[in-house]
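A.B. asks: pasted the sequence and its predicted model underneath.
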Amino acid sequence: MTAAMLSPAVDAAVDVVLSVRDLQVSARSDQGLVPLVEGLSFDLHRGETLAIAGESGSGKSITSLACMGLLPAPAVRVTGGSIRFGDEELTTLPERKMQAMRGARIAMIFQEPMTALNPVMSIGRQLVEAIRAHEPLSVSQARARALEAVKAVRLSQPEKRLEQYPHELSGGMRQRVMIAMAIALRPAVLIADEPTTALDVTVQREVLDLLRDLQKELGTAVILITHDMGVVAEMADRVIVMRKGKMVEAAPTIDLFDAPKEQYTRDLLAAVPRIGTGASRPQHEARDVLVRYDDVSVNFPIRQGLLGRVAARVHAVEHVSLEIFRGETLSLVGESGCGKSTMAKALVGLVPHTGRIEINGKALSDLDGKGRKAIRRDLQIVFQDPMAALDARMTVGELIREPLVIHGIGTPEEQKARVRELLERVELSPNVYNRYPHQFSGGQRQRVCIARALALKPKLIICDESVAALDVSIQAKVLDLLRDLQKESGVTYLFISHDMAVVENISDRVAVMYLGQIVEMGTRAQLFGNPQHPYTKRLLAAVPVPDPRRERQPGLRLSGEIPSPVWKVGEGPEKVNLVDIGGGHLVAQ
């Protein structure tokens, strides 16, 4: 059974496969019903991709759950309107019939495959169970179907993958398993809810290419739920833009990008970071080194057996040397597992390392406990998830004030005044002093984290994927804030990210990491204007471009898994040598 044999069971004469009319979805609260989706109407045609785009809270995921009959009733339920699949009205369909419909006729790919897959069941068993729940097949027949589905999504060693468990697969491989589970049942409609948001840019590219190819072969209609307008431009035939539960605008993709009619749509498109549009940043005359890595390595032992013998090591960072200059923004880029976050952890002393790390000319290894505490005043981190980084039991004022208390800076009155000053500096009202983190939006919480990081007037702030979890418009505002703060105070940033468009917009210099080593480093203009290393070119080629008229070159197709950083004891990767090809542009040879 090839992908072509997995064609959807839909009458070719029926063009509209899913019809939504005046959909109303509400949530119960103490004040009564709160509308989550209001008056949404659209038709999904056979073989097309309809994108539903919008920021967090826009109602796009609620819409997809309503179509699947997966709303968490009775707390959230459809309170009006119609969802029709063929002759069936899904809003009034009995649960038993909906279960038969779900998966077989309408399938869904979720954002986070690790939470959607059962961790205690093998991949093959989960696929067989899903297939047999809808079709009267024997175990051997269902397993054969599962194997063909796994082959259709281009998973290497498909027989081996069926025997593995979810935790044994990479994020991209798990997402391919989710797609295999969906297409194995020949659905007419496939709902993809942020299918690539949690994936690295190159893995995202592979998954998007796979979805597009499968759709061409199967003729499946796809509803793509996303906040990434670059993904919308590359994948969608038509777009619905939602905001606060309502449709703002609907149009063919090219029309929407060329001439958006609504101001919100224009603002949404304007906020999308684009490679090639980063403003030129002034070059720093004084090359004053703030941080120096000299032949730094970080390895983690893998122990086995009753005695805990070290059987292998994870070579997270391998012989890295670089300098971070005072007042600049140096970006570390690469995919998950490349070692960029481990570099930051080594800098702040959270993981042991070999080699030498200097801050302001002082080696970390030479400092005692008192010296380390003093040096930490100069180093602060802004993490990816602000909700996880902030203590939910403390008010915003207490959270920002805490570093001042720990280091004994100022009287209580001076500390409170400093907190109010910091709140204004990150464009929050001082009146929020006594509010708690859960009372803020994601972007506001990240501003609180930035204010807390600034409290001790650090020389270096490490931004570890600090805008990755934010909506695009909020992301743009936070990046603007970081730039403004740097102009005011001269603070240095170590910016860690896998988003090349964001990196291009904020960086002075960029270092590309691959399997624990730097493979290319240079100024923003050098790296984005003249990339030399194949891995750098691969990263740049994978970035979705928010221009539906731009066609991707066939030669830019990506494939293959990144090799493992795990090596047997006594073995390790070969050290790469960086060669200056001109103007400080370093490339691995």
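C.D. replies: Sure thing, it's come through.
A.B. asks: kindly indicate whether residue 192 is helix, strand or coil.
C.D. replies: Classification of residue 192 by DSSP: H, G, I helix; E, B strand; the rest coil places it in strand.
A.B. asks: got it, and residue 402?
C.D. replies: helix.
A.B. asks: pretty sure residue 35 sits in a strand.
C.D. replies: Yes - secondary structure of residue 35 (three-state DSSP): part of a strand.
A.B. asks: correct me, but it touches residue 28?
C.D. replies: No - Residue 35 is beyond contact range of residue 28, at 11.6 Å (criterion: C-beta atoms under 8 Å). Bear in mind the C-beta positions are built from the backbone N, C-alpha and C, glycine included.
A.B. asks: of the two, who's got more company?
C.D. replies: residue 35 (16 against 13; other C-beta atoms under 10 Å).
A.B. asks: what residues are bridge-paired with the more buried one?
C.D. replies: Listed by DSSP bridges, the beta-bridge partners for residue 35 are residue 26.
A.B. asks: OK, contacts around it?
C.D. replies: By C-beta atoms under 8 Å, 6 or more residues apart in numbering, the residues touching residue 35 are 24, 25, 26, 245.
A.B. asks: rerun at 10 Å
C.D. replies: 24, 25, 26, 27, 59, 79, 80, 244, 245, 246 (C-beta atoms under 10 Å, 6 or more residues apart in numbering).
A.B. asks: first-to-last residue distance for stretch 398-418?
C.D. replies: Length of stretch 398-418, first residue to last, C-alpha to C-alpha, to the nearest Å: 12 Å.
A.B. asks: and the gap between residue 206 and residue 179?
C.D. replies: From residue 206 across to residue 179, the span is 11 Å (C-beta to C-beta, to the nearest Å).
A.B. asks: so what sits against both of those two?
C.D. replies: With C-beta under 10 Å, 6+ apart as the test, residue 206 and residue 179 both reach residue 154.
A.B. asks: of these two, who's got more company?
C.D. replies: Per other C-beta under 10 Å, whichever of residue 206 and residue 179 has more neighbours is residue 179, with 25 against 22.
A.B. asks: what sits against the more buried one?
C.D. replies: 107, 109, 113, 149-150, 152-155, 190, 192, 195, 207, 210-211, 214.
A.B. asks: sort out for me which of those residues are in helices.
C.D. replies: Among these, the members found in helices (DSSP state H) are 113, 149, 150, 152, 207, 210, 211, 214.
A.B. asks: of these, closest to residue 291?
C.D. replies: residue 207 (35.9 Å; C-beta to C-beta).
A.B. asks: report the mean per-residue pLDDT for stretch 160-178.
C.D. replies: The predicted model assigns stretch 160-178 a mean pLDDT of 88.
A.B. asks: try stretch 256-263
C.D. replies: For stretch 256-263, the per-residue pLDDT averages 95.
A.B. asks: list the buried ones in that stretch?
C.D. replies: Residues of stretch 256-263 classed as buried: 256, 257, 260 (neighbour count, 16 or more other C-beta atoms under 10 Å).
A.B. asks: hang on, isn't residue 275 packed against residue 504?
C.D. replies: Yes - here residue 275 reaches residue 504: they are 5.1 Å apart, a contact under C-beta atoms under 10 Å.
A.B. asks: what residues are shared contacts of those two?
C.D. replies: 528, 540, 543.
A.B. asks: quick one: which of these sit in helices?
C.D. replies: Going by DSSP H, the helices hold 528, 540 from the shared contacts of residue 275 and residue 504.
A.B. asks: residue 369: which of the shared contacts of residue 275 and residue 504 is nearest?
C.D. replies: residue 528 (42.5 Å).
A.B. asks: who touches the closest one in this structure?
C.D. replies: Residue 528 neighbours (C-beta under 10 Å, 6+ apart): 275, 276, 278, 500, 501, 503, 504, 507, 510, 522, 536, 540.
A.B. asks: just flag the most distant two among the residues you listed.
C.D. replies: Top of the distance list for the contacts of residue 528 (C-beta to C-beta): 501 and 522, 17.6 Å.
A.B. asks: higher neighbour count, these two?
C.D. replies: The neighbour comparison of residue 501 against residue 522 (other C-beta under 10 Å) goes to residue 522, with 25 against 22.
A.B. asks: so residue 91, which of the three states?
C.D. replies: Going by three-state DSSP: residue 91 is helix.
A.B. asks: that one and residue 245: what is the separation?
C.D. replies: From residue 91 to residue 245 the distance is 17 Å (C-beta to C-beta).
A.B. asks: of the two, which one has the most company?
C.D. replies: The residue with more neighbours, out of residue 91 and residue 245, is residue 245; 23 against 20, by other C-beta under 10 Å.
A.B. asks: and the closest residue to the more buried one other than its chain neighbours, how far from residue 37?
C.D. replies: Leaving aside its sequence neighbours, residue 245 sits nearest to residue 59 (C-beta to C-beta, 6 or more residues apart in numbering; 4.0 Å). Taking C-beta to C-beta as the measure, residue 59 falls 4 Å from residue 37.
A.B. asks: list the contacts of residue 244.
C.D. replies: Neighbours of residue 244 in contact, by C-beta under 10 Å, 6+ apart: 35, 36, 37, 38, 54, 55, 57, 58, 59, 264.
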